[in-house]
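A.B. asks: Have a look at this prediction, sequence included:
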Amino acid sequence: MAENTFGGVIGYALAPKKQNSFIRDSLLTLAKSRGIELVRVDSDKPLVDQGPFDCVLHKLYGDDWKRQLQEFKTRFPNALILDAPEAIERLHNRISMLQVVSELRIQDRTDTFGIPKQIVIYDKATLMDPQAWESLKFPVIAKPLVADGSAKSHKMALVFTRDVLDKLKPPIVLQEFVNHGGVIFKVYVVGEHVRCVKRKSLPDVSEEKKVGVSENLMSFSQVSNLANHDAENDNDGYYRLMHLDDTEMPPNAFVVDIARGLRRALKLNLFNFDVIRDARYGNRYLIIDINYFPGYAKMPGYEAVLTQFFCDVMLKKEQEEQQGEGRVTVSTKDNEESFQV
Ligand SMILES: O=P(O)(O)O[C@@H]1[C@@H](OP(=O)(O)O)[C@H](OP(=O)(O)O)[C@H](O)[C@H](OP(=O)(O)O)[C@H]1OP(=O)(O)O
Ligand SMILES: Nc1ncnc2c1ncn2[C@@H]1O[C@H](COP(=O)(O)OP(=O)(O)O)[C@@H](O)[C@H]1O
Ligand SMILES: [Mg+2]
Ligand SMILES: [Mg+2]
């Protein structure tokens, strides 16, 4: 979109860690040069007592925060909440998060996409019932069902055999582990903007390893964020098989189509998703994770991308307000809850 002159004030409500990584001087300065002021929301004070804000950008959890957003929207109906809490909540459960993938219709491609085979287990009794997981091939990854940003929600286990399932704590999702060359693609979405980057992932599991492994359950957490340093000091060679530089990117048009489809279906503007390429086929891609408001600062040039997005939001808001003036508009539930540029 062309540069526009509609600036505004954006209140951001973020946890301290997120604030430190996302709110950099470089972002504040660039945004300001385009008329966008970013103002911190003080989480110790009611949101309604702060502002005025044209838009509230947020990644906070809990019922109290949801209530505060509702109250704010009632008091300031023209203010935008990015994104709608109801839409974000879908990503807090690893089953509903990926259900959206089956809703996407993308045609005329040689490449295909989907999700790995998975089941959800809510209790120990089902976990110990062989019928529950008879359709799954081992190894599997056990993931906490809840994906609420807590450290616990990122604690995964690679499970090689059935006899260690009793060590897991439901509710969990058991997802087939798919060999993918040790590289994951992270696709960052900021409104219409889509950027795919490569990150390291779990290495492939060989056929020998599947039967001869000494540890039948291997715990891990946030592999893609491990510093390179960790890989360099990797004495048992766990990361040796990763070939980040040699890995070919997925076709960009394909990734963009999936990203835009997900964005529309999820009614979200700010998210990323993790994709792996199934090593058995080479042209089959599996979406394994979708995250709300991820670590954008890790995306090269994030300041320009986010600033453009803020300007687009302000322009669209202004246009919608102008269109709304002088005529009666019937607001649907849909456009009350979500706003997309
Ligand atoms: O902190 P960062 O920069 O590593 O960002 C995390 C994301 O990393 P990514 O950008 O995908 O590499 C991270 O993505 P993954 O789940 O690791 O794929 C999450 O989005 C995480 O948020 P939450 O803990 O799930 O609420 C994100 O954490 P928060 O910054 O939101 O706490
Ligand atoms: N089905 C799978 N097959 C192979 N590797 C996987 C699979 N699911 C997850 N992984 C690996 O585990 C990591 C963490 O899983 P993910 O679902 O992305 O959880 P988180 O929300 O903690 O990032 C991924 O980045 C990837 O390296
Ligand atoms: Mg992930
Ligand atoms: Mg995640």
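C.D. replies: Structure's in. What do you need? Ligands and ions are numbered 1, 2, ... in the order given.
A.B. asks: C-alpha only now, for contacts and for neighbours.
C.D. replies: Fine.
A.B. asks: Check the spatially closest residue to N78 that is not a sequence neighbour and give its pLDDT.
C.D. replies: The shortest distance from N78 to any non-neighbouring residue, by CA to CA, 6 or more residues apart in numbering, is to D54 (7.4 Å). Note for D54: predicted pLDDT of 97.
A.B. asks: chain center to stretch 299-316, what's the gap?
C.D. replies: Using CA atoms, centre = their mean, to the nearest Å, the mean C-alpha position of stretch 299-316 is found 18 Å from that of the whole chain.
A.B. asks: Contacts for that stretch next, please.
C.D. replies: Stretch 299-316 has contacts (CA atoms under 8 Å, 6 or more residues apart in numbering) with 1, 3-8, 26-27, 30-31, 34, 36, 54, 188, 190-191, 193, 195, 197, 296-297, 340-341.
A.B. asks: Confirm for me that the residue nearest to N78 is in contact with G7.
C.D. replies: No. Look at D54 against G7 with CA atoms under 8 Å: they stay out of range, at 9.4 Å.
A.B. asks: in the protein, which residue is closest to the centre?
C.D. replies: The chain has N291 as the residue nearest its centroid, 1.6 Å off, counting by CA atoms, centre = their mean.
A.B. asks: Compute the number of surrounding residues for the one residue in the stretch 51-200 of the chain that gets nearest to ligand 1.
C.D. replies: Of all residues in the stretch 51-200 of the chain, the one sitting closest to ligand 1 is G149 (3.2 Å; CA to the nearest ligand atom). Counted with other CA atoms under 10 Å, residues neighbouring G149 total 14.
A.B. asks: shaky segments in the stretch 201-341 of the chain?
C.D. replies: Applying pLDDT under 70 to the stretch 201-341 of the chain picks out residues 211-214, 226-243, 326-337.
A.B. asks: Distance of the closest residue to L202 other than its chain neighbours relative to G295?
C.D. replies: Spatial nearest neighbour of L202, chain neighbours left out: G182 (5.1 Å); criterion: CA to CA, 6+ apart. Distance, G182 to G295, by CA to CA, to the nearest Å: 21 Å.
A.B. asks: Get me the contact residues on this structure for ligand 1.
C.D. replies: K18, D148, G149, S150, Q222, N225, N291, Y292, P294, G295, Y296 (CA under 6 Å from any ligand atom).
A.B. asks: repeat that for 8 Å
C.D. replies: Residues of the chain lying near ligand 1 by CA under 8 Å from any ligand atom: 15, 17-18, 21, 59, 147-151, 153-154, 186, 188, 222-225, 271-274, 289-298.
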